[in-house]
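1. coordinates for the following, if possible.
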Amino acid sequence: MEEKSQNLTINIGEINTLKVMRDTDYGYFLEAKDGTEVLLPNIYVMEDEMPMGSLIDVFIYTDSEDRPVATTKMPYAKLGDYGYFTVVDYKSYGAFVNWGLPKDLFVPLSQQKEYFNIGKKYLLRVCLDEQTGRLYGTQKIGKYFNRDMSGLHQNKLLDAIVLAKTPLGYKVVADNQYEGMLFSNEIFEEIRIGDRKKVYIKNVRKDFKLDLSLQPIGKK
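-> Numbering: from 1, shown residues only. Below is the predicted model of the structure:
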């Protein structure tokens, strides 16, 4: 089994491996190698599995007062990942979506391409506001696509999430960074927006997009 390695710093929006340092009335304080600490609230503390000095994996996000906080629960998507989230609340300044944690993910009005309806699902990318340290969701994902296609080749296997239906087929985000297309005439199974699929590269295009397939190329 691989030995855990303690995080050098505390990284918001990511899974961190931190050392259990102090027990307080509010929960355990966990520490990174640089000495910074974060609270793991009592609700997540399992004393038998978290002895003092042990290393544990936690997800870091910010609470309602923008303080970093740790949780042993994992969100549906981490920083830089894409997810298909349900809107649970709507305000004049933005929407809140369920991403699997007690505090919902905020989607500012400026990051929405359409009006969000409560109960409806939208495909979003999890981003970090560097100034406030807050995580937020965005529907405006075009600028995040990678245009460096080096290392990509036919039949390379990638993970993809289905983004939208188009007249040609389904637009997808592959490996959280490439824009790609699955063509309707090559799909022989049910497919829906938000589905996660293993895809094979069929063609690396000159416009920095990928033609993809659900089957390896050359196999019927």
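
2. make it CA atoms for all contacts and neighbour counts henceforth
-> Noted.

3. skip the chain neighbours and tell me the closest residue to Val97.
-> Val87 (4.2 Å; CA to CA, 6 or more residues apart in numbering).

4. one more: Ala77?
-> Nearest to Ala77 is Gly83, by CA to CA, 6+ apart, at 5.7 Å.

5. what about the one you found, neighbour count?
-> A count of nearby residues for Gly83, using other CA atoms under 10 Å, gives 25.

6. give me the pLDDT value at it.
-> Here the pLDDT value assigned to Gly83 is 95.

7. that older thread, contact partners for the residue nearest to Val97?
-> Ala95, Phe96, Val97, Asn98, Phe116, Asn117, Ile118, Gly119, Lys120, Lys121, Tyr122 (CA atoms under 8 Å, 6 or more residues apart in numbering).

8. ok, now with 10 Å
-> 95-99, 104-107, 116-122 (CA atoms under 10 Å, 6 or more residues apart in numbering).

9. filter these down to just the buried residues.
-> By neighbour count, with 16 or more other CA atoms under 10 Å, the contacts of Val87 hold Ala95, Phe96, Val97, Asn98, Trp99, Asp104, Leu105, Phe106, Val107, Phe116, Lys121, Tyr122 as buried.

10. skipping its backbone neighbours, what lies nearest the first one in space?
-> The shortest distance from Ala95 to any non-neighbouring residue, by CA to CA, 6+ apart, is to Val107 (5.1 Å).

11. and the next helix or strand past whichever strand or helix holds the one you found?
-> Per DSSP states H and E: Val107 is located in strand 105-108. Counting by DSSP H and E, the next helix or strand C-terminal to strand 105-108 is strand 121-129.

12. so what does the next helix or strand after that following strand touch, helix or strand wise?
-> For strand 121-129, the following helix or strand on the C-terminal side (DSSP H and E) is strand 134-138. Judged by 3 or more CA pairs under 10 Å, 6 or more residues apart in numbering; DSSP states H and E, strand 134-138 is in contact with strand 55-62, strand 82-91, strand 94-98, strand 105-108, strand 121-129.

13. which one of the ones you listed lies nearest to Glu49?
-> strand 55-62 (9.0 Å; CA to CA).

14. quick one: strands adjacent to the closest one?
-> Strand 55-62 has the following strand partners under DSSP bridges: strand 15-23 (antiparallel), strand 68-71 (antiparallel).

15. about what we covered before: dump the helices and strands packed on strand 134-138 to CSV, plus distance to Lys209.
-> Formatted as CSV, the helices and strands packed on strand 134-138 follow (distance: least, CA to CA, whole Å):
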stretch, distance to Lys209
strand 55-62, 32
strand 82-91, 17
strand 94-98, 29
strand 105-108, 27
strand 121-129, 18
